[in-house]
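Colleague: curious how this folds, go ahead:
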Amino acid sequence: RRSSDLLGTGRGGDQLRGCDAGQAEAALGELARLHADFWDGAARYPWLRRYGADDPMTFAAFARGVVPGFLDRFGDRLSGDVVGVFERFADLAHRYDRKGQDGPQTVAHGDFRADNLIFEPGPRAAILDWQNLYRGNGLVDLGYFLGTSMLVEQRRLPERDLLRSYSEGLRARGIALGLDECWDAYRRHSFAGICVVLRSFDAIRTDPERERRLLVMAERSARQVIDLDAGSMLQN
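Modeller: You can find the predicted model right below:
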């Protein structure tokens, strides 16, 4: 059956409940297909959003400005080590290429997470919400998805197997991205969720449900950064 058939028969993902390992593997299978179809070919689409070489510095200035406000508002609802991740990121953000301009270029989804997926038994997955497409490194999607859309304990156990599945999905379509290279890029882009949280929090003022989702994403992403010792990649 085609992925479009899931729109009528499948069930939407749930950011709070998170994806299990089977759903995550199905989602990454679709992600590998998307990335492979446009690998090194995204330049052919001039309408795609692009980010310039100055984006890391621009975003770093933004992060330094908003992290204090974010922690002032939510710090007492986050665990201490998670607060520490946000504090350190404010000082390291200038070394993070958040859109992956220095990696292999493809069409990146830009908001690849559980709420933007539909699943049906099997499981199979279909991708929704295409408004944030941009030209960049697809591993940003991968880091963001696993960091924000799985419970921390469920992510830790099959993490490397899920990356292997994504890598093999690319290889099946003629894209050679080895597991070690994939793992290194994934570690670096575990900061993707942190960036989205900082970009989003100020717009959420009167919606407790959206606020709850944002804090869950903040906790999960920060735990991912800690588990992967991703900060060391920005310090070197």
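Colleague: what's next to stretch 191-203, contact-wise?
Modeller: Contact partners of stretch 191-203, identified using C-beta atoms under 8 Å, 6 or more residues apart in numbering, comprise 59, 62-63, 66-67, 69-70, 73-74, 85-86, 89, 96, 98, 111, 140-141, 143-144, 147-148, 214, 217-218, 220-222, 224-225, 230, 234. Heads up, the C-betas are built off the backbone N, CA and C, glycines and all.
Colleague: which of the helices and strands in this structure ranks last by mean pLDDT?
Modeller: When each helix and strand of the chain is scored by mean pLDDT, DSSP states H and E, helix 6-9 comes last, with a mean of 61.
Colleague: the spatially most central residue of the chain: which element?
Modeller: Of all residues in the chain, the one closest to the mean position by C-alpha atoms, centre = their mean is residue 144, 1.2 Å from it. Remark: residue 144 resides in helix 139-148, with elements defined by DSSP states H and E.
Colleague: other SSEs contacting that helix?
Modeller: Where contact means 3 or more C-beta pairs under 8 Å, 6 or more residues apart in numbering; DSSP states H and E, helix 139-148 is packed against helix 21-37, helix 159-171, helix 179-188, helix 192-200, helix 208-227.
Colleague: hmm, back to that, now the buried members of the contacts of stretch 191-203.
Modeller: Among the contacts of stretch 191-203, those buried by neighbour count (16 or more other C-beta atoms under 10 Å) are 59, 63, 66-67, 70, 74, 85-86, 89, 96, 98, 111, 140-141, 143-144, 147-148, 214, 217-218, 220-222, 224-225, 230, 234.
Colleague: any regions of the protein where pLDDT drops low?
Modeller: 1-8, 236 (pLDDT under 70).
Colleague: redo that, cut-off 90
Modeller: Applying pLDDT under 90 to the chain picks out residues 1-11, 40-46, 52-53, 100-104, 120-124, 202-208, 235-236.
Colleague: for the helix or strand in which residue 233 is found, buried residues please.
Modeller: Here residue 233 sits within helix 231-235, counting by DSSP H and E. For helix 231-235, a neighbour-count test (16+ other C-beta under 10 Å) marks 231, 233-234 as buried.
Colleague: with stretch 48-61 instead?
Modeller: Those would be 48, 51, 56, 59-60, for stretch 48-61 by 16+ other C-beta under 10 Å.
Colleague: sort out for me which of these are in helices.
Modeller: 56, 59-60 (DSSP state H).
Colleague: which member of the residues you listed is positioned nearest residue 104?
Modeller: residue 56 (17.8 Å; C-beta to C-beta).
Colleague: the closest one contacts residue 102, correct?
Modeller: No - counting by C-beta atoms under 8 Å, residue 56 sits too far from residue 102 to count as a contact (9.6 Å).
Colleague: how about residue 29: what's its closest non-neighbour residue?
Modeller: Closest residue to residue 29 apart from its sequence neighbours, by C-beta to C-beta, 6 or more residues apart in numbering: residue 169 at 5.5 Å.
Colleague: just to revisit the earlier point, where's the nearest residue to the residue nearest to the centre of the chain once chain neighbours are set aside relative to residue 168, distance?
Modeller: Nearest residue to residue 144 in three dimensions, chain neighbours excluded: residue 192, at 3.8 Å (C-beta to C-beta, 6+ apart). According to C-beta to C-beta, to the nearest Å, residue 192 and residue 168 sit 22 Å apart.
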